[in-house]
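[1] Build me a structure from this.
(one chain, ligands or ions: 1)
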Amino acid sequence: MTQYSRVSGSVGLITLKNPPVNQLSAVVRHGIVDTVQKALSDPKVKSVVICGQNGMFCGGADIKEFQTLANMRGPPLIPMIHSIEAADKPVVAAIEGGAFGGGLELALGCHYRIAHSKAKVGLPEVTLGLLPAAGGSQRLPRLIGVPAALSLITTGRHITAAEALQLGLVDQVADHNTVDAAVKFALSVAGQSLDARRISNFQCPPVPNMDALFEDVMQKVRTTARGAIAPIACVQAVRAAATLPYTQGMQREKELMATLFTSGQARALQYCFFAQRVVGRWSMPSGARWDTSKGRPIHKAAVIGLGTMGRGITVALAQTGLSVVAVETQEKQFMEAKKAVSNMLERGAKRSGKPLAHGKITYSQSLQAVADVDLVIEAVFEDMGLKKKVFQQLSAVCKPGTFLCTNTSTLDVDELASQTHQPELVVGMHFFAPAHIMKLLEVVYGPRSSPELVAVVMELGKKMGKVSVAVGNCRGFVGNRMLKPYRDQAYFLLEEGATPQLIDQALEEFGFAMGAFKVSDLSGLDVGWKVRKEEGLVQPGGGSGKSARIRNGVRYSPLGDLMCEQGRFGQKTGRGWYQYDKPGSRDARPDPWMHSFLEEYRARHGLVARRISNQEVLERCLYAMINEGFRVLEDGIAAGPEDIDIIYVFGYGWPRHRGGPMFYANMVGLEIVLERLEHYAQANPDMPTLQPCSLLRKLVASGSPPVNKWKEVIKNVRSQL
Ligand SMILES: CC(C)(COP(=O)(O)OP(=O)(O)OC[C@H]1O[C@@H](n2cnc3c(N)ncnc32)[C@H](O)[C@@H]1OP(=O)(O)O)[C@@H](O)C(=O)NCCC(=O)NCCSC(=O)/C=C/CCCCCCCCCCCCC(=O)O
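    Below you'll find the predicted structure:
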């Protein structure tokens, strides 16, 4: 909807009204076309202001309309914006809240832009697998220059009004009522010539060494895009702006958009946009939900244990403005942590331009210091015995009603809850390292966890800038549980003839930030080794005979254990699945030692190496992971496929342009995933993780519905269990 009125005698005021973000749905575009026409034909109107209701200018095109071309009805954006630019009365955009994508393109078609000091602007189309194809890729470089436009368009980042003013993207910044300021401004420019205000008439400001600049940017974009096509199209579109007349540039923008618009990557990225919002609307198997469960305010929090994770969590909490009590009982670690936290806060303040959060932290070496806090996050070493002791102490020390959270990546949250007087006030908070940077937070509830606590922790996660996903309690929760079969398959493929670099290359070409073996070197092989030893899986020397590669009747690869026995713990020791210049170095190089190690291993176990294709790597690793994802859904550990996908995109380096593992399965075709799993399960009867999950079979039998319809099938499956 669009509302029109005449204000201050001669200003036509057009207000976009389309909650929640005044997105440019067909009805809004109709409204703009009609009201602009009305204002231009009214002789009493000398100038026009366009604004949005509820403190938001415009969130851009309606992304929901992009699902199919058939949805794209109503007046198209490009001619609508052209007619505004061509108007013979000045049109001023009054930007409150934000102007994004098509919203900013609309503002760029106006002759002047006035933004509120708290407003943000940006062209985030690239994050949706698109480019700013309503003239944005052609107008922005003409207005602010090629380098700045490339930076905004290829990253999609939102910038502040102050930065926009500095770039010349907006003409004025208002501290108070932006619409009033815009109306005043519109009155002042009424009747003035508009020749110099129509951006499409501008030449791009000249850039020295333009070819070199574009080559350089293209190179960088190709490296960071990890296979995403939209950033590359964005560079090509800006290049057209820099080298072609406007009309030809627009034609190029259109052609490039046509290649993106119906692509699988655009589908995947737009799915991620909505999935991220779906996971915020959490629910628990008990029926408790985000909209019916109320949290309570947290004023003071505590972190127990100031190792790597505890330090990051302390920083993340302090940056939200909370008072934090940071506790570490070991003297040496205590002193080191204080310094490290202070450095991290300083770096954070520099990065964000926000004030330092130092004063908000008090340090203590005694657990008694947490007696009056509202919420505790325990982050001691990943050891059940130790954590149990801490929880018993916390239960005795803390005031009644204190929320107790454990930062754990695999341990049983219910077992820890049972150590306390109020088990309903215990949840897991699975942070990812570095905890003050990584966006993902798994919030792990048990059958007794109170919805109030889940609401509190989900909200706290949001304040810390995390994407929080509520999940049930099981070994490894969602992320690490699904990672296990993926890693296992990578090990089995090594035994069968692959190399770490072959497997990693296939996964990186798929789009992962790092392959399975590089990740293992980064996080340290000794971490998993310790867990496997505790579980009684490790046999010194890898064991011998038939039992060496079987545990509890299931295929097991002792390769990781053998590596650890040789002191090859990964980056920290300078040797792992790869070799490094020195301990701590990150530059992974293939190690010829690995070749003889694997040959010897295969010979010892009577294995004959065969050629492994990239396709087999992807199918075995990814489908095993996806199959576990179906089990996670069947068990009710994740509320829906969106939760799994967001966990993988934000926590595990899954390429966003492939939408997450469950979305990817749907893109490949569930019947194909099922058929390939059946094939591999038949060839490897000792790998039960390859046996297709019954939910996958049910979905295929139900005609492979789209991801957003899976919940209905899942509900049926769960009710039959
Ligand atoms: C920053 C925000 C705007 C606000 O953030 P916040 O306050 O935190 O709120 P959210 O929770 O994010 O959102 C609130 C709800 O609003 C929904 N929402 C938000 N934005 C949109 C939107 N743009 N469309 C629809 N819905 C939107 C959101 O889902 C929430 O809903 P719910 O509560 O969960 O139900 C933040 O929301 C944000 O960042 N939004 C996205 C901004 C953005 O990315 N904008 C760009 C959109 S794309 C665009 O504008 C493109 C323009 C160019 C179009 C050119 C068209 C040409 C078509 C050519 C086709 C060629 C094909 C040829 C083929 C052939 O011919 O063969």
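
[2] Report the separation between whatever residue of the stretch 401-550 of the chain ends up closest to the ligand and V456.
    Closest approach between the stretch 401-550 of the chain and the ligand, counting by CB to the nearest ligand atom: K462, at 9.7 Å. Yep, even glycine has a C-beta here, placed from its N, CA and C like the rest. Distance of K462 to V456, computed by CB to CB, to the nearest Å: 11 Å.

[3] Name the residue in the two with the higher neighbour count.
    Per other CB atoms under 10 Å, whichever of K462 and V456 has more neighbours is V456, with 24 against 14.

[4] Phi first, then psi, for the more buried one.
    Phi and psi for V456, reported as degrees, to the nearest 10, are phi -60, psi -50.

[5] which ones are touching it?
    Contacts for V456 (CB atoms under 8 Å, 6 or more residues apart in numbering) come out as 295-296, 298, 375, 403.

[6] Quick check: PyMOL command selecting the buried ones in the residues you listed.
    Buried residues within the contacts of V456, by 16 or more other CB atoms under 10 Å, are selected in PyMOL with:
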select buried, resi 295+298+375+403
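
[7] and which of the contacts of V456 is nearest D581?
    L375 (43.1 Å; CB to CB).

[8] sec struct for the residue of the stretch 401-550 of the chain closest to the ligand, please.
    Under DSSP: H, G, I helix; E, B strand; the rest coil, the three-state class of K462 is helix.

[9] got it, and R113?
    Using three-state DSSP, the structure places R113 in strand.

[10] Show me the strands in the stretch 101-250 of the chain, by range?
    Remark: strands assigned in the stretch 101-250 of the chain by DSSP state E, counting those that start in this stretch are 112-116, 120-122, 159-160, 172-174.

[11] Single out the most deeply packed of these.
    Scoring the strands of the stretch 101-250 of the chain by mean neighbour count under mean count of other CB atoms under 10 Å gives strand 112-116 as the most buried, with a mean of 26.

[12] And the contacts of it?
    With contact meaning CB under 8 Å, 6+ apart, strand 112-116 is reached by 90-97, 99, 107, 121, 161, 164-165, 169-175, 178, 181-182, 185-186, 189, 197.

[13] Let's see which of those residues end up in helices.
    In this view, these that belong to helices under DSSP state H are 107, 161, 164-165, 178, 181-182, 185-186, 189.

[14] Grab the nearest non-local neighbour of the one residue in the stretch 601-721 of the chain that gets nearest to the ligand.
    Going by CB to the nearest ligand atom, the ligand is nearest to E642 of the stretch 601-721 of the chain, at 11.4 Å. Leaving aside its chain neighbours, E642 sits nearest to A275 (3.8 Å; criterion: CB to CB, 6 or more residues apart in numbering).

[15] Surely that neighbour is in contact with D645?
    Yes - using CB atoms under 8 Å, A275 is in contact with D645, at 5.5 Å.

[16] So between those two, which is more surrounded?
    D645 (31 against 25).

[17] Could you pull up phi and psi at V426?
    As for V426, its main-chain torsions (degrees, to the nearest 10) stand at phi -120, psi 130.

[18] What's the separation between the spatially closest residue to it that is not a sequence neighbour and A379?
    Counting by CB to CB, 6+ apart, V426 lies nearest to A417, which is 3.7 Å off, once chain neighbours are set aside. In this view, A417 and A379 are 17 Å apart by CB to CB.

[19] and what of I637?
    I637 sits 23 Å away from A379, going by CB to CB.

[20] now Q166
    For Q166, the distance to A379 - CB to CB - is 41 Å.

[21] Please identify which of these two sits among more neighbours.
    A379 (30 against 13).

[22] Contacts only, for that one.
    Here A379 is in contact with 303-307, 309-310, 313, 407, 431 (CB under 8 Å, 6+ apart).

[23] May I have the phi/psi pair for it?
    Dihedral pair for A379: phi -140, psi 40, per degrees, to the nearest 10.

[24] if we can go back for a sec, isn't the residue nearest to V426 up against S449?
    Yes - A417 lies in contact with S449 (CB under 8 Å); the separation is 7.5 Å.

[25] shared neighbours of the two, which are they?
    What both A417 and S449 touch, as defined by CB under 8 Å, 6+ apart, is the set 424, 426.
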